[in-house]
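Participant: sequence? don't have it. structure:
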């Protein structure tokens, strides 16, 4: 029991130390900005850089405020930021409500735009879908894309995939054809010819073969896998039936 407690304490200490180092790295640009704001021009351009100024110039702030209309610039920033945030909240909320509750022309086009991109490119994030589906439909914001994906997930047309290690965003994949959405055949390895070294025997030059007409007549006909062809035809017919059912459901 004591060994377990010590192990837990060691793990917590290591985690806190790692987080402290990460926080220091993240805050370093802000500290550098504050340090540079009270430096002279010579200190700010010195090589190698100096973390602490040789002469602390707190009058730099007064000089900036006197030289430019700082209050007007700051007020403009506040107005633009608050206005854009409020506008997005109002418009995106109204658009999400209309998209979820009302019927309007080209509503199903939005569904088909996302499904088409997912079927062609495989699992993708909302940001990738917003960029790649822009020629089919302009969503306007990531919130609209996420709302559409949630609707498709509810209708069991799209699946939300679990995040893999190192991934920051969720990925989505279409599940019209069934099977594992993330399965993909591995790429064939490239085969390169070995480079002859000094002392190796140089292979003889290839002799010209027979004319194409001659070996085409003499070559045996390839075997035809009838069972495999029938199975592929059945799968294609099933996919066409599913696509027709999807079109009827979406009214396309």
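Facilitator: Alright, I've got the coordinates. Keep in mind that what you see is a predicted model, and the values were worked out from it rather than measured. Numbers count the residues shown, from 1 in each chain.
Participant: helix or strand, whichever it is, which one in this structure has the lowest mean pLDDT?
Facilitator: Lowest on mean pLDDT, DSSP states H and E among the helices and strands of the chain sits helix 212-218, with a mean of 47.
Participant: in the helix or strand following that one, which residues are buried?
Facilitator: Following helix 212-218 in sequence order, the next helix or strand is helix 226-250 (DSSP states H and E). For helix 226-250, the neighbour count (16 or more other Cβ atoms under 10 Å) marks residue 246 as buried. Using the backbone N, CA and C atoms, a C-beta is placed for each residue, glycine as well.
Participant: what of stretch 34-54?
Facilitator: Result for stretch 34-54 [16+ other Cβ under 10 Å]: buried residues 35, 38-39, 43-44, 53.
Participant: can you give me the helices in the stretch 51-200 of the chain?
Facilitator: Secondary structure of the stretch 51-200 of the chain (DSSP state H, counting those that start in this stretch): helices at 59-67, 70-101, 107-121, 126-132, 142-154.
Participant: which one of these lies closest to residue 10?
Facilitator: Residue 10 lies closest to helix 126-132 among these, at 39.2 Å (Cβ to Cβ).
Participant: packing partners of that closest one?
Facilitator: helix 107-121, helix 142-154 (3 or more Cβ pairs under 8 Å, 6 or more residues apart in numbering; DSSP states H and E).
Participant: compare those and say which comes out lowest on pLDDT.
Facilitator: Confidence, taken as mean pLDDT, is least for helix 107-121 of these (a mean of 70).
Participant: domain map for the chain?
Facilitator: What automatic domain parsing lists as the domains of the chain is 15-64, 68-102, 104-174.
Participant: for residue 59, find the nearest of the helices and strands packed on helix 126-132.
Facilitator: Nearest of the helices and strands packed on helix 126-132 to residue 59, taken as Cβ to Cβ: helix 142-154 at 44.4 Å.
Participant: what are the buried residues along that closest one?
Facilitator: Buried residues in helix 142-154, counted by 16+ other Cβ under 10 Å: 143-149, 151-152.
Participant: export the helices and strands packed on helix 126-132 to CSV and tack on distance to residue 27?
Facilitator: Formatted as CSV, the helices and strands packed on helix 126-132 follow (distance: least, Cβ to Cβ, whole Å):
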stretch, distance to residue 27
helix 107-121, 38
helix 142-154, 28
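Participant: for residue 15, give me its contacts.
Facilitator: Under the criterion of Cβ atoms under 8 Å, 6 or more residues apart in numbering, residue 15 has no neighbours.
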